[in-house]
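Predicted model, plus sequence, below.
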Amino acid sequence: MSEKPLDQEPDIPFYEVHEVIVPHLGHVPIAKGDFARLPREVQKFIAFYTDQLRPRGIYICDGSEEEAHEVIHKLLERGTLEVLPKYENCYISLNQKKHYEMKMIPIVSKKVKSLKKARGVPGTLAGVSVYSCPSYICRTDPADVARVEGKTYVCTRDKHETVPNSRPDAKGGLGQWISPEELDKELAERWPGCMAGRMMYVIPFSMGPIGSPLAKIGVQLTDSNYVLLCMRIMTRVSPKVWEILEENPEFVKCVHSMGCPRPWRKKVINHWPCNPEKVFIVHLPHERKVKSFGSGYGGNSLLGKKCFALRIASVQARDEGWMAEHMLIMGITTPAGKEYFVAAAFPSACGKTNLAMIKPTLPGYSVRCVGDDIAWMKFSDDGQLRGINPESGFFGVAPGTNWKTNPNAMASFQKNSIFTNVGKTADGGFYWEGMEDEIDKDMEITTWLGDKWKIGMPGKAAHPNSRFTAPANQCPIIHPRWEDPQGVPIHALVFGGRRPTGVPLVYESFDWPHGVAVGASVKSEATAAAEFTGKKIMHDPMAMRPFMGYNFGHYLQHWLDMEKPGRKMPKIFHVNWFRVDDKGQFVWPGFGENIRVLDWMIQRLEGKDVAVETPIGYLPKKGSIKTEGININWDDIFTLPKDYWVDDIKETKKFLETEVGDDMPKALKEQLEKIEQRINKM
Ligand SMILES: Nc1nc2c(ncn2[C@@H]2O[C@H](COP(=O)(O)OP(=O)(O)OP(=O)(O)O)[C@@H](O)[C@H]2O)c(=O)[nH]1
Ligand SMILES: O=C([O-])CC(=O)C(=O)O
Ligand SMILES: [Mn+2]
């Protein structure tokens, strides 16, 4: 593209070696790393932002253990992090001992030990890794706990590239555009000098296995060492990235600041300097750039995740003919020994991590996790869709996670993990809602807000969007091929959301275009993952509404265009674990029992005649979902109330027609009309 890039970083004169000399600031020391040996494009990037943001030093990260220790040490000293000694299930090296002043005794978590025995998990799980780190707890400023969708923008010259030509009465929830002029204004009042007095960390990272043809490179600048620590878990931080850039200098430029230059006159809460009034996150897809200001919360600050791997990558995927989706990837091995891979999209806090790691209750089944949040998928030349997980860690919702609902997640964060906004027990463990049966009832707990608390008292120990950050390779069921550079074959796609009424446990779409319509119709109750409050049912097409990098209509067309002769199109299903009865109780037990639904999907993949046609898609024939051993009422779970569906399709159609407007793909419009006609004839 020949047009001049937006928000361009002009080349500024700079001088390298042990310091960078920039016009506004003079000498800025290189606190660590060899600036002179970085790829030229990266040097320019750093020099420009050093000049503009004015940090007190530049710290070029190398991803090493020593680096983690140094940063952790600082955060412990400052009080941003606290050790959770309960999970120190390994010996501490002398080097670490110096830093943490912890006892040289092995403490093996009882739970992990018993899990290991019970499930035959290999010995790497507990008590064997000699030099690994303990886990830490961190409390943010209570004003900085979730993604801020209202302050998240995409900037392109052409508005229509980012948002659809919607109808005049549209509310405009599908993407948020900002003009280049307005962007300049917003940036000007935030960025200059915003790192004054702080260190600027330079983080080289790869999304996807380093060197994989499907992987992409990013470099993040940040003034938060908490962000650095989490990026080390969630992405592959390595100096090998510099070598890759020597060959191909393309990288996604990520710039993050907490927005609190020194001297900072406002009160800092919980040693978590942030700037909630000024949060502003912008994506420049053409320039392959993300700028995030004011928040340290994961979804806003770990820029490899939602910002790069979904918003920027969705644009790369559009341009290059692949898909970047808010999906888990899991492998399911049947009792007959055949493995199927499923990718599933549910909105934030609607069950991806839990499904990706389920412990199946049906005998003979085993599940292995490839990823829990993001899938990059591409059809290979033989027509098979293949997917990779671009991340290398889990940033999971803590509340509700326990040894019953998700033992594999529990096992994943017994070491080397960071817990944000959870409670802390007096014996140095983590605690959140859902762990009531797993600790002593009288245990004294410090809540995420720092108050003393006990189980049964009013209030909550953990924030509903509190999170664990854990390395994926610590998951006992991580798939041996989770880092396969070619990805794994994807046999089925699944959509779902929190639907308290009307929506059955599972149904299958008739074909690809119908499946795209099913995905476009995803709705869910609002959750704590973003700033919305209340249990309002919101549209979240493809579970991508908050993560779109370009025009939603064009995105839907991109989905439709995936179907081509010679391609094996995966079947598309819709699930709902969250239907409730008139007392508000879930009618489906969920979690490990969800294998029963996966089993039905696999029966369908194997061509079994276990479905009945209904206006919304194929539903399971009565009895074709294995329900032995659980107490459920088939009709509670599968009835399709006509009134509900008549209203539902009317509302969905209106929503999409209004919001996507002129950009609504014709084939999708037709699908919605057909669905409506079928439902009206019910
Ligand atoms: N009732 C019920 N609750 C579930 C089920 N699966 C997950 N949950 C709950 O839903 C919440 C969110 O689940 P996660 O698996 O963390 O959701 P996610 O989609 O990975 O969330 P993000 O990380 O925000 O993308 C947790 O509190 C879970 O306990 C289920 O099958 N049934
Ligand atoms: O991005 C985040 O903050 C966490 C997450 O996975 C989501 O909200 O889907
Ligand atoms: Mn997510």
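Alright, I've got the coordinates. Ligands and ions are numbered 1, 2, ... in the order given.

Show me the shaky parts of this protein.
For the chain, applying pLDDT under 70 flags the ranges 1-2, 12-19, 22-26, 88-133.

residues from it in reach of ligand 3?
Listed as neighbours of ligand 3 in the chain under the rule Cβ under 5 Å from the ion: 348, 373. (C-beta placed from N, C-alpha, C; glycine too.)

In the chain, what residue lies closest to ligand 2?
Minimum separation of the chain from ligand 2 (Cβ to the nearest ligand atom) falls at residue 299, amounting to 2.2 Å.

which residues sit in contact with that residue?
146-147, 305-306, 348, 395, 529 (Cβ atoms under 8 Å, 6 or more residues apart in numbering).

isn't residue 386 right next to residue 485, touching?
No. In this structure residue 386 lies outside contact range of residue 485 using Cβ atoms under 8 Å: 10.3 Å.

ok, those two, which is more surrounded?
Ranked by neighbour count (other Cβ atoms under 10 Å), residue 386 and residue 485 place residue 386 first, with 19 against 14.

Specify the local secondary structure of that one.
strand (DSSP: H, G, I helix; E, B strand; the rest coil).

Tell me what it is bridged to.
Judged by DSSP bridges, the bridge partners of residue 386 are residue 378, residue 489.

now swap in the one 10 residues further on and tell me
Each beta-bridge partner of residue 396 is listed here: residue 468, as defined by DSSP bridges.

for it, what are its contacts?
Here residue 396 is in contact with 353, 372, 409, 467-468, 470 (criterion: Cβ under 8 Å, 6+ apart).

could you redo the last one with a cut-off of 6 Å?
353, 409, 468 (Cβ atoms under 6 Å, 6 or more residues apart in numbering).

Please narrow the contacts of residue 299 to those residing in strands.
Among the contacts of residue 299, DSSP state E puts residue 395 in strands.

Keep the contacts of residue 299, but drop any that are not near ligand 2.
Taking Cβ under 6 Å from any ligand atom as the test, ligand 2 is in contact with 147, 305-306, 348, 395, 529 out of the contacts of residue 299.

ok, back up a step: can you lay out the contacts of residue 396 as CSV showing neighbour count and distance to residue 592?
Below are the contacts of residue 396 laid out as CSV (neighbours: other Cβ atoms under 10 Å; distance: Cβ to Cβ, whole Å):
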residue, neighbour count, distance to residue 592
353, 24, 14
409, 25, 12
468, 25, 19
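
between those, which is nearest residue 267?
residue 468 (28.1 Å; Cβ to Cβ).

that older thread, that's a strand at the residue of the chain closest to ligand 2, yeah?
No. Under three-state DSSP, residue 299 sits outside any strand and is assigned helix.

okay, now the nearest residue to residue 9 once chain neighbours are set aside: neighbour count?
Distances taken as Cβ to Cβ, 6 or more residues apart in numbering place residue 48 nearest to residue 9, at 4.1 Å, with adjacent residues excluded. As a burial measure, residue 48 scores 19 neighbours (other Cβ under 10 Å).

and residue 48, what element?
helix 40-53 (DSSP states H and E).

Go through that helix and flag the buried ones.
42-53 (16 or more other Cβ atoms under 10 Å).

go on, stretch 278-289?
Applying 16+ other Cβ under 10 Å to stretch 278-289 flags 278-285, 287-289 as buried.

what does stretch 149-167 give?
Applying 16+ other Cβ under 10 Å to stretch 149-167 flags 149, 151-156, 161-164, 166 as buried.

From the contacts of residue 299, pick the one nearest ligand 3.
residue 348 (4.8 Å; Cβ to the ion).

TSV for the contacts of residue 396, including distance to residue 4?
Formatted as TSV, the contacts of residue 396 follow (distance: Cβ to Cβ, whole Å):
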residue	distance to residue 4
353	42
409	47
468	43
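
mind putting these in a markdown table, distance to ligand 1 included?
Below are these laid out as a markdown table (distance: Cβ to the nearest ligand atom, whole Å):
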| residue | distance to ligand 1 |
| --- | --- |
| 353 | 4 |
| 409 | 8 |
| 468 | 10 |
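
just the residues you listed now: which is nearest residue 318?
Distances from residue 318 to these, taken by Cβ to Cβ, are shortest for residue 353, at 26.9 Å.

can you map out the strands along the stretch 501-650 of the chain?
506-508, 523-525, 537-539, 571-575, 611-614, 617-620 (DSSP state E, counting those that start in this stretch).

That's all I had, so thanks and see you.
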